[in-house]
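Undergrad: here is a sequence together with a model predicted from it:
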Amino acid sequence: MKQRLYIELENCIGCRSCLAACTQCGGHEERNRNYVYDVNPFVNRQTMPLMCLHCVNPACARSCPAQAIQIHETGAVLSALVEKCIGCQNCTIACPYGIPKFDTEQNLMYKCDLCIDRTKDGIPPMCASVCPTNTLQWLTEEEIEMKQKQFNLDNGKWTASMKLEGETNVRVNLPGILQGVTKLF
Amino acid sequence: MNHQTVIPGKKEQTINQAFASNFAKSMFLAILGLFILTFIGTRMFTHIDLNLYGYMVGTIVFIGGFFYRFIAWGERPPTKILIKKGMKLLFKKSTPATTVNHLVTYKFIWNRGIYRWLQHVLMGGGTILSCFVTFPLVFGWMYFTMDDNGMYNIIMIGVNVLTVPADGIIANLSYNALNITATMVILGVCMALYRRLKNNQARAEQKFMYDFLPLYLLLFVSITGLVLTFMNVVLHGFGHSVMSLIHQYSVIITLIYLPFGKLAHIPFRPLSIFAKNYREHYSQQSMKECKVCGESFVSVEQSNDVIDVLSINQIDFKQDEGFHLAELCLPCRRKYRIAQFSGAPTHQLKVKEANQNAKG
């Protein structure tokens, strides 16, 4: 069954469990590939995670001269193939979200691969497995549809996808903020 | 019906720039080059080792596959730009140092892990040395003669470059060159196979055709090669003719596979020197300042090239604020996205990026 990473941005409490979990994924070599940001640090304590959204037409792969960024059959945009990456860093410039990281010593780009060793077998990625506030979830299409119904907005904006650059495999949602209400847990 | 679509701003393509024309031209020049070198090397075809003619045919088939793969690859917009600019910067002062660093000592692989570095030195070194021995022998650029006085001559491109005692160290090294390289390759392949069985990331992503087949092919070539030596030395030549054909097939299949699978990274790899030169040269020329924070983060040239490549792919990240996303430094681009999600001006706030490294 096809499952997707689903992000409910405003649930984030900034615990950075997702960063810590990312480091522990097989093959991530103890380096995390995701980010957590303070949204408006002088005003409130809201944080939001940011990770690769796995574009359907990924700019990183399009700009790679070496075809080092492959797209897995599940739709995950994989980290650079170590034997092909030539270290030009085009992908870091092309990515609309600033996700790929570059290791100068190893002359190698690395990015979120949606924990492909897990997700290819239907196991949620590390970040979604550990997230204590359900900011990051691993859901089927039906479950995402139910979320859509649950957070149905009169302005038709249930996802933040109109703010994204093109279609993504990851679904991003922000019901509270768009509705102008604060969610209580 | 008009099939031609005119893309504005794009130069009209002539038939000379077509894939087939490039392919035919490259093939013609390569085979002509081989022919001329062989003509000279074999002293007008008087020293051809016809035992090796299968490899000659195999090489020509390989060149066909090689140009097919690489011309197609070079047509990709980002590759095309990198090759064009890389060629211009080829004679940069730092090129020799970068070449040694990337293609001889594999410093970047060392930094990725010593195990993988050793595996590369064994496999890469073994294969490249074997090629340096095999191809000159196939095309007659190198051959050996034995004098009556027990001296052994190594002849390169028709010139006698070295005369050594036939039972000396150098002569023995040259008789056993391929045995030594085969042993190196077998050790390297075993290391690689072991890693593929144990490493989680490798196990998740590996495919038989892409990751295992090249290792098995190299193993097949090396073992059949060593078996040939064994048959000569221990079995006094028993079965040599059959094994020689098996070995020849194994090499030819590997050559045909090379441009299309994982091994293609060997001829690809020199592009990393182009990339390094490209980044160094244009960074010295002028740096792009982030449209939000003003920090220099990449060369102007590369930022523009990426924007061009994306627009060829019909991707445009031009924002309402008037900048293209490729004009923002990475932290600003991430904060800009958070700002898009929340409506708060995260990217405008002068505040240090909070802990992003999961280190407590």
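TA: Yep, that arrived. Numbers count the residues shown, from 1 in each chain, chains lettered A, B, ... in the order given.

Undergrad: when you work out contacts or count neighbours from here on, use the C-alpha atoms and nothing else.
TA: Noted.

Undergrad: so which bits of the top helix by length along chain B are buried?
TA: Scanning chain B for the helix with the most residues, using DSSP state H, yields helix B:114-138. Across helix B:114-138, burial judged by 16 or more other CA atoms under 10 Å in any protein chain shown covers B:116-127, B:129-130, B:133-138.

Undergrad: that one packs against which elements?
TA: helix B:53-74, helix B:107-112, strand B:142-146, helix B:177-198 (3 or more CA pairs under 8 Å, 6 or more residues apart in numbering or on different chains; DSSP states H and E).

Undergrad: can you check the pLDDT for the residue nearest the centre of chain A?
TA: Centrality entry for chain A: nearest residue to the mean C-alpha point is residue A:51, 3.2 Å, by CA atoms, centre = their mean. pLDDT recorded at residue A:51 is 91.

Undergrad: one more: residue A:177?
TA: 59.

Undergrad: do the same with the one 3 residues further on
TA: What the model reports for residue A:180 is a pLDDT of 60.

Undergrad: for the residue in the stretch 1-150 of chain B positioned nearest to chain A, which non-adjacent residue is spatially closest?
TA: The nearest approach of the stretch 1-150 of chain B to chain A comes at residue B:79, 4.1 Å away (CA to the nearest CA). Counting by CA to CA, 6 or more residues apart in numbering or on different chains, residue B:79 lies nearest to residue A:65, which is 4.1 Å off, once chain neighbours are set aside.

Undergrad: next, that neighbour: secondary structure please.
TA: coil (DSSP: H, G, I helix; E, B strand; the rest coil).

Undergrad: torsion angles phi and psi at residue A:112?
TA: Main-chain dihedrals, residue A:112, degrees, to the nearest 10: phi -60, psi 130.

Undergrad: just to check, it is in contact with residue A:52?
TA: Yes. Residue A:112 lies in contact with residue A:52 (CA atoms under 8 Å); the separation is 5.9 Å.

Undergrad: what is in contact with those two at once?
TA: Residues touching both residue A:112 and residue A:52 by CA atoms under 8 Å, 6 or more residues apart in numbering or on different chains: A:34, A:99.

Undergrad: so what touches stretch B:100-108?
TA: So stretch B:100-108 is contacted by A:105-107, B:117, B:269-270, B:272-273 (CA under 8 Å, 6+ apart).

Undergrad: using CSV, list the CA coordinates for it.
TA: Only the C-alpha atoms of stretch B:100-108 are listed here, as CSV (Å, rounded to 0.1, in the frame of the first residue of the first chain):
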residue,chain,number,x,y,z
VAL,B,100,46.4,13.3,-8.9
ASN,B,101,44.1,13.9,-5.9
HIS,B,102,40.9,12.7,-7.6
LEU,B,103,42.1,10.0,-10.0
VAL,B,104,45.3,8.6,-8.6
THR,B,105,45.3,8.8,-4.8
TYR,B,106,41.5,8.9,-4.4
LYS,B,107,41.7,11.2,-1.4
PHE,B,108,38.0,11.8,-1.4
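
Undergrad: mind listing what's buried in that stretch?
TA: B:102-103, B:106-108.

Undergrad: state the distance from the residue nearest to residue B:250 when sequence neighbours are not counted to residue A:174.
TA: Leaving aside its chain neighbours, residue B:250 sits nearest to residue B:221 (5.5 Å; criterion: CA to CA, 6+ apart). Relative to residue A:174, residue B:221 is positioned 58 Å away (CA to CA, to the nearest Å).

Undergrad: those two: which has the busier surroundings?
TA: residue B:221 (24 against 20; other CA atoms under 10 Å in any protein chain shown).

Undergrad: quick one: pLDDT of that one?
TA: pLDDT, residue B:221: 92.

Undergrad: before we move on, which element is it in?
TA: Assigned by DSSP states H and E, residue B:221 belongs to helix B:213-233.

Undergrad: same thing with residue A:117?
TA: helix A:116-119.

Undergrad: report whether the helix or strand immediately after that helix in the chain contacts chain B.
TA: Remark: after helix A:116-119, the chain's next helix or strand is helix A:126-130, criterion DSSP H and E. No. Interface with chain B: helix A:126-130 contributes nothing (CA under 8 Å from any CA of the partner chain), its closest point being 12.2 Å away.

Undergrad: go through helix A:126-130 and flag the buried ones.
TA: Here helix A:126-130 shows A:126-130 as buried, counting by 16+ other CA under 10 Å.

Undergrad: what's the answer for stretch B:16-35, then?
TA: Counting neighbours by 16+ other CA under 10 Å, stretch B:16-35 gives B:22-23, B:26-27, B:30 as buried.

Undergrad: cool, and stretch B:59-77?
TA: Buried residues in stretch B:59-77 (16+ other CA under 10 Å): B:59-60, B:62-68, B:70-71, B:73-74, B:76-77.

Undergrad: give me the subset of these touching chain A.
TA: Answer for the buried residues of stretch B:59-77 near chain A (CA under 8 Å from any CA): B:76-77.

Undergrad: for the longest helix along chain A, what does the pLDDT average out to?
TA: Ranked by residue count and defined by DSSP H, the top helix of chain A is helix A:141-150. For helix A:141-150, the mean per-residue pLDDT is 81.

Undergrad: kindly report the same for stretch B:250-264.
TA: pLDDT averaged over stretch B:250-264 gives 89.

Undergrad: buried residues in it?
TA: B:250-252, B:254-260, B:262-264.

Undergrad: possible to save these as CSV with secondary structure?
TA: Shown next, in CSV, are the buried residues of stretch B:250-264 (three-state DSSP):
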residue, secondary structure
B:250, helix
B:251, helix
B:252, helix
B:254, helix
B:255, helix
B:256, helix
B:257, helix
B:258, helix
B:259, helix
B:260, helix
B:262, helix
B:263, helix
B:264, helix
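
Undergrad: alpha carbons only: can I get the helix or strand bottoming out on mean pLDDT in chain B in PDB?
TA: One helix or strand of chain B scores below all others by mean pLDDT, DSSP states H and E: helix B:200-205, with a mean of 78. Extracted C-alpha coordinates of helix B:200-205, given in PDB (Å, rounded to 0.1, in the frame of the first residue of the first chain):
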ATOM      1  CA  ASN B 200      22.600  -1.500   5.400                       C
ATOM      2  CA  GLN B 201      22.500   1.400   2.900                       C
ATOM      3  CA  ALA B 202      24.100  -0.800   0.300                       C
ATOM      4  CA  ARG B 203      21.600  -3.600   1.000                       C
ATOM      5  CA  ALA B 204      18.700  -1.300   0.700                       C
ATOM      6  CA  GLU B 205      19.600   0.200  -2.600                       C
END
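
Undergrad: which elements pack onto that helix?
TA: Using 3+ CA pairs under 8 Å, 6+ apart: helix B:200-205 touches helix A:116-119, helix B:177-198.
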